[in-house]
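Chemist: Quick one, structure for this:
(chains A, B and C)
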Amino acid sequence: MRTLWVITAAAALLALAVPAVAHHSFAAEFDADRPVTVKGTVTKMDWVNPHSWIYVDVKDESGKVVNWRFEMGPPNALLRMGWRKDSVPAGTPVEIQGFRAKSGEPVANAKQVKLPDGRELFSGGSAPVLPGAQETKP
Amino acid sequence: MSKRAVMSVAFWSFLLALPAWAQAPARGIPRAADGKPDFSGVWQVLSTAAWDLEDHNGALGVHAGQGVVEGGAIPYQPSALAKKKENFQRRDTNDPAEAACYLPGVPRATYMPFPFEIIQNPKLITMSYEFDHARRSIFTDGTPHPDGFPDFWVGDSRGRWEGDTLVVDVTNLDERTWLDHAGNHHSDALHVVERYTMTDPDHILYEATLEDSKVFTRPWKISMPLYRRTEKNVRILEYECVQYIQEQKYGNAKPLGGK
Amino acid sequence: MSGANASPTGRSHQLMIRTLLHLAAASILATASLPLLQAQNQTSAKWTPPRTPDGHPDMQGMWARRGAAMAEANAPKTPLSEFGTTGQPYPTVFNTGVITSQEASALANRPTGIIEPANRVLPWRPEADAARREFLSHMIPPASLKYVEPQARCVPPGLLGGDDRHPYQITQTPKSFVLMYEYNHVTRVIYTDGRPHVGPNIRLYMGDSIGHWEGDTLVVDTTNFNDKTGFSQTIPYHSDALHTVERLTMIDPYIIDYQLTIEDSKLFTAPIRIAGSFAAAAKGSELMEFACAEGSQTLPNIFGFGLFQGQ
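Modeler: Numbers count the residues shown, from 1 in each chain, chains lettered A, B, ... in the order given. A predicted model of the protein is given here:
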């Protein structure tokens, strides 16, 4: 059985003074003023750099099923946390919070993915910074 | 001892020594601190396999070549051969390496018409290619292919030495790469075994065996020399086709939407 | 003392033995207390690195770079910088940093970011500062391809434009010191064989690096940059006058001290110095492929069309 590792406190300590540049044009593609939360069923996952994608079938108010696409972190990050190719198989129910694409399509940048057993992938929010470390945000 | 006996001893000694001679490692090749042949340096192929692995004629922008496939033809299954012909018709828009500057995969990275640098360390041999600054890490530390990993454009490479030959086992190859610009292709079942053997200080014999049960009827093999780039202070430079293609396709385009 | 060896030679012999025993005891005690002294960082016994066959410090292995960022004071506020760390969808550390809390706190006390000028107000040429503010104003949303952030275009990152959540690997050969970035699979081969820089018309995203050792510090001189890479969210480009000097010194088994001096006479009136560290990555880490353009949806999302018809 594969083990999913949550980021440990030690790992959180390591998050100091990482440059803030690396968000891959989030601001150009996604709208931080349009948060969205969807519940649905995983149809597939693309292990792709620089962002993995998770595809989720979501029923809208009228009962119609729309396939949403969520942008996530790079597979190297997932792999180093212990995730493997078959960790989130098709059919897994998930709840995903994210920010909607500016294009209006059913595309979003995932902030948080909650699995059926309650575990979370990618906690969002600001990077924790140790006291004394130089804040790199301008 | 009589002269005759001496001659006899000499003759038999010669005969008995022959097998050792036949297998003797290439003399005079550079060796690393651990005694292994030292492949460090800048290398490049002169074959035209990048355009087409099989025999092919010249055309505008295409260099003619005698094929590098042992036996001549790539042994496709019938439906895979049809796919190859389709690919060939659409090669100018559909070849991932030429149309989009995607990483060329293995073994194509070796025979792209660009130099590459081999950086050798006892536990890691790194291939740094000028084309799209592609890079392969060949782990020679005895570790196996990792379990449950996704596919990579350059695959996962684990190497070991058989005498003076570096043998590299490559798996996890992304199915989207093409083997050349002629549309020769493979599936996610592709498994490549490369062999690098230095035949003299400035030449490496490169061989690769490809097997893919979804596409080919049997394993098949290619081979070609790698030539050392001997210019003084030679280094690889940059061929950043991702940027060149972006300029060409998006340089005059207008963005959608926005506030 | 027994009377068994009461002769004059016997007594001086015994005296010698006692002295030697005392000396031995004293030196055993001194040796035993050395680790304690080292732990208190008060010893004169300086840590020395393991060495490669040619006698230089062996810095080979997997590393996480921390702190090397050009975060200027009084930076212009732009939509880009507003979203810098908020909405960050994935973890800030990819499990490649130091692995004990002792090492983590050692890292926390190291200098980071711009250390010269000390107030982090960069010595901009006024016209260069005005030009980059004008440039920034067209980036969100991007007015055209040239205003899309370099990272979103998968540009080879230069020295600071990458993503340090991805690790580095160092390998050393007799003729080169090689710094491999996992990010965008770029490889910097820093030649230490005494060769000169390439000619001035050769321009490279990663520049041309030559290195030499000053004692146990590797000094890297890099020139021949093109002008297509960026430094930070508020400094989206530099000029082709860029010249950098890096100094790498391994100070203990877990930390390489990293100092970067930047000179760009078209942008700044004085050099700028940045400090950071390479911290040893978790055991068993391997460099993985990071294929940027192959998976990036950014440009298709911005412009509404993909460039590759084969998909």
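
Chemist: What ranges in chain A fall below the confidence cut-off?
Modeler: Applying pLDDT under 70 to chain A picks out residues A:1-28, A:81, A:121-138.

Chemist: Distance-wise, check the residue in it positioned nearest to chain C relative to C:His56.
Modeler: Closest contact between chain A and chain C, by Cβ to the nearest Cβ, is at A:Gly73 (2.7 Å). All C-beta atoms are positioned from the backbone trio N, CA, C, and that covers glycine. As judged by Cβ to Cβ, to the nearest Å, A:Gly73 and C:His56 stand 37 Å apart.

Chemist: Which of those two has more residues huddled nearby?
Modeler: Higher neighbour count among A:Gly73 and C:His56: A:Gly73, with 21 against 17, using other Cβ atoms under 10 Å in any protein chain shown.

Chemist: That one belongs to a helix?
Modeler: No. Applying DSSP: H, G, I helix; E, B strand; the rest coil, one finds A:Gly73 to be coil, outside a helix.

Chemist: From what I see, it and A:Ser52 are in contact.
Modeler: Yes. In this structure, A:Gly73 is within contact of A:Ser52 by Cβ atoms under 8 Å, at 6.5 Å.

Chemist: Doesn't A:Asp86 lie inside a strand?
Modeler: No. Secondary structure of A:Asp86 (three-state DSSP): coil, not part of a strand.

Chemist: Pretty sure C:Arg65 sits in a strand.
Modeler: Yes. Assigned with three-state DSSP, C:Arg65 falls within a strand.

Chemist: Please list all residues in contact with it.
Modeler: Contacts were defined as Cβ atoms under 8 Å, 6 or more residues apart in numbering or on different chains; by that measure C:Arg65 touches C:164, C:168, C:258, C:276-279.

Chemist: Most neighbours among those residues, please name it.
Modeler: With neighbours taken as other Cβ under 10 Å, the top of the contacts of C:Arg65 is C:Asp164, carrying 28 neighbours.

Chemist: Grab the nearest non-local neighbour of that residue.
Modeler: C:Arg65 (4.8 Å; Cβ to Cβ, 6 or more residues apart in numbering or on different chains).

Chemist: same question, B:Ile222
Modeler: Leaving out its chain neighbours, the residue that sits closest to B:Ile222 by Cβ to Cβ, 6+ apart is B:Val68, at 4.5 Å.

Chemist: What's the local residue count around that neighbour?
Modeler: Using other Cβ under 10 Å, B:Val68 has 23 other residues around it.

Chemist: Let me see the contact set for it.
Modeler: With contact taken as Cβ under 8 Å, 6+ apart, B:Val68 is in contact with B:47, B:49, B:53, B:111, B:222-224.

Chemist: Filter the residues you listed down to the buried ones and hand me the ChimeraX line.
Modeler: Remark: buried members of these, expressed as a ChimeraX selection using 16 or more other Cβ atoms under 10 Å in any protein chain shown:
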select /B:47,49,53,111,222,224
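
Chemist: export the contacts of B:Val68 to a markdown table and tack on secondary structure?
Modeler: Shown next, in a markdown table, are these (three-state DSSP):
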| residue | secondary structure |
| --- | --- |
| B:Ser47 | coil |
| B:Ala49 | coil |
| B:Leu53 | coil |
| B:Tyr111 | helix |
| B:Ile222 | strand |
| B:Ser223 | strand |
| B:Met224 | strand |
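
Chemist: Quick check: B:Val42 is in a strand.
Modeler: Yes. Residue state for B:Val42 (three-state DSSP) corresponds to a strand.

Chemist: Neighbouring strands - and their directions - for the helix or strand containing C:Arg273?
Modeler: Using DSSP states H and E, the element containing C:Arg273 is strand C:272-280. Neighbouring strands of strand C:272-280 in its sheet, by DSSP bridges, are strand C:61-66 (antiparallel), strand C:113-116 (antiparallel), strand C:255-263 (antiparallel).

Chemist: For chain C, which segments count as strands?
Modeler: With DSSP state E as the criterion, chain C has strands at C:61-66, C:113-116, C:168-173, C:176-181, C:187-191, C:208-214, C:217-223, C:243-252, C:255-263, C:272-280.

Chemist: In CSV, list those strands along with mean pLDDT.
Modeler: Output for those, formatted as CSV (pLDDT from 0 to 100):
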stretch, mean pLDDT
strand C:61-66, 90
strand C:113-116, 96
strand C:168-173, 96
strand C:176-181, 98
strand C:187-191, 98
strand C:208-214, 98
strand C:217-223, 98
strand C:243-252, 96
strand C:255-263, 96
strand C:272-280, 94
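
Chemist: Would you tell me which residues of the stretch 101-250 of chain B are close to chain A?
Modeler: Contacts of the stretch 101-250 of chain B with chain A, taken as Cβ under 8 Å from any Cβ of the partner chain, map to B:147-151.

Chemist: Tell me the one of these nearest B:Ala99?
Modeler: Ranked by distance to B:Ala99 (Cβ to Cβ), these are led by B:Asp151 at 20.1 Å.

Chemist: Do I have it right that that closest one meets B:Thr177?
Modeler: No. Applying Cβ under 8 Å, one finds B:Asp151 not in contact with B:Thr177, separated by 9.9 Å.

Chemist: Neighbour count for those two, which is higher?
Modeler: More neighbours surround B:Thr177 than the other of B:Asp151 and B:Thr177, with 24 against 18 (other Cβ under 10 Å).
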